[in-house]
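[1] Provide a 3D model corresponding to the input given below.
(one chain, ligands or ions: 2)
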Amino acid sequence: MPIELTWLGHASWQIRSGDHTILLDPFLNDNPSAKCKADDLNANYILVSHGHFDHVADAASIANRCDATVVAVYEIADWFAKQHNVANTIGMNTGGGIALPFGHVKMTNAIHSSQLPDGSYGGNPVGFLLTVAGKKLYFACDTALFGDMKLIGNAAIDVAILPIGDHFTMGPADSLEAINLLNPKHVVPTHYNTWPPIEQDEASWAASVEAQTSAKPIVPGVGEPFSV
Ligand code: NI
Ligand code: MN
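    Ligands and ions are numbered 1, 2, ... in the order given. Purely as a prediction, here's the structure:
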């Protein structure tokens, strides 16, 4: 069964598998690169990688409208429950994994920061290693390059979604090193071209991926689904 992935702009993703719709870091209404609004989306589960506004912004409104479950690090799950009255939350922490109706979710390390928009402590930032319909998807989320990506790569990743924007996360050059540690079949860029500080040339990035790694780059436009 194929999985459908859609870049919603910035670092927001929609994953569809069978009857399940999963959103990652939904940030739509104030996102200059998004082509839809939060109210246009539906979800069963919402994964949140860390506390920054460009990752948490629309998660509560979608969760409350759709009765979706928010999956996040413990401190952020607690914040959604207490500050935004989200009824269904699952708090995890780095290294932990859980089975959910759509597949398996493992929280991976990420090197970043994670304060919530109101100044609350957001715990540690994370990435996600998902197993959905037999496929391994790795969302690095906001992170620097780190050597333990080599260990994450032991999972035999089908698709790695990596930030390339630079400035707040790893940039294109470090993403090439990350790809060589992770050794995924396919690699997809994210967290770029939202604002001037993170503008990147995705075509030249893709050419470098082809030349310097064994992964196949996929560069989707915003709102253009692709299947894996
Ligand atoms: Ni961030
Ligand atoms: Mn970010």
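[2] Quick check: the gap between the closest residue in space to His55 that isn't next to it in sequence and ligand 1.
    Excluding its sequence neighbours, the residue lying closest to His55 (CB to CB, 6 or more residues apart in numbering) is Asp25, at 4.1 Å. Where C-beta positions appear, they are placed from N, C-alpha and C, glycine not excepted. For Asp25, the distance to ligand 1 equals 9 Å [CB to the ion, to the nearest Å].
[3] before we move on, what about Asn124?
    12 Å.
[4] before we move on, what about Gln115?
    9 Å.
[5] check contacts around that residue.
    Contacts for Gln115 (CB atoms under 8 Å, 6 or more residues apart in numbering) come out as 51-52, 121-122.
[6] top of the residues you listed by neighbour count?
    Ranked by neighbour count (other CB atoms under 10 Å), the contacts of Gln115 have Gly51 at the top, with 26 neighbours.
[7] give the contact list for that residue.
    Neighbouring residues of Gly51 by CB under 8 Å, 6+ apart: 75-76, 79, 114-117, 120, 122-123, 125.
[8] Quick check: the closest residue to it other than its chain neighbours vs Asp78, distance?
    Once flanking residues are discounted, Gly51 sits nearest to Gly122: 2.9 Å by CB to CB, 6+ apart. Remark: distance between Gly122 and Asp78 (CB to CB, to the nearest Å) = 10 Å.
[9] can you list the residues of this structure near ligand 1?
    Proximity of the chain to ligand 1 (CB under 5 Å from the ion) is limited to residues 52, 142.
[10] residues near Pro197, how many?
    For Pro197, the neighbour count with other CB under 10 Å is 9.
[11] shouldn't it be in contact with His167?
    Yes - if you go by CB atoms under 8 Å, Pro197 and His167 touch, sitting 4.5 Å apart.
[12] partner residues bridging Ile90?
    Val71 (DSSP bridges).
[13] Just give me the neighbour total for it.
    15.
[14] residues in contact with it?
    69-72, 77, 98.
[15] Any chance of TSV for the contacts of Gln115, columns distance to ligand 2, secondary structure and pLDDT?
    Formatted as TSV, the contacts of Gln115 follow (distance: CB to the ion, whole Å; DSSP: H, G, I helix; E, B strand; the rest coil; pLDDT from 0 to 100):
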residue	distance to ligand 2	secondary structure	pLDDT
Gly51	10	coil	98
His52	5	coil	98
Tyr121	18	coil	98
Gly122	12	coil	98
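[16] Can you tell me which of the residues you listed is nearest Ala206?
    Nearest to Ala206 among those is His52, at 26.6 Å by CB to CB.
[17] Verify the contact between the closest one and Ala110 for me.
    No - the pair His52 / Ala110 is not scored as a contact, 11.7 Å apart, by CB under 8 Å.
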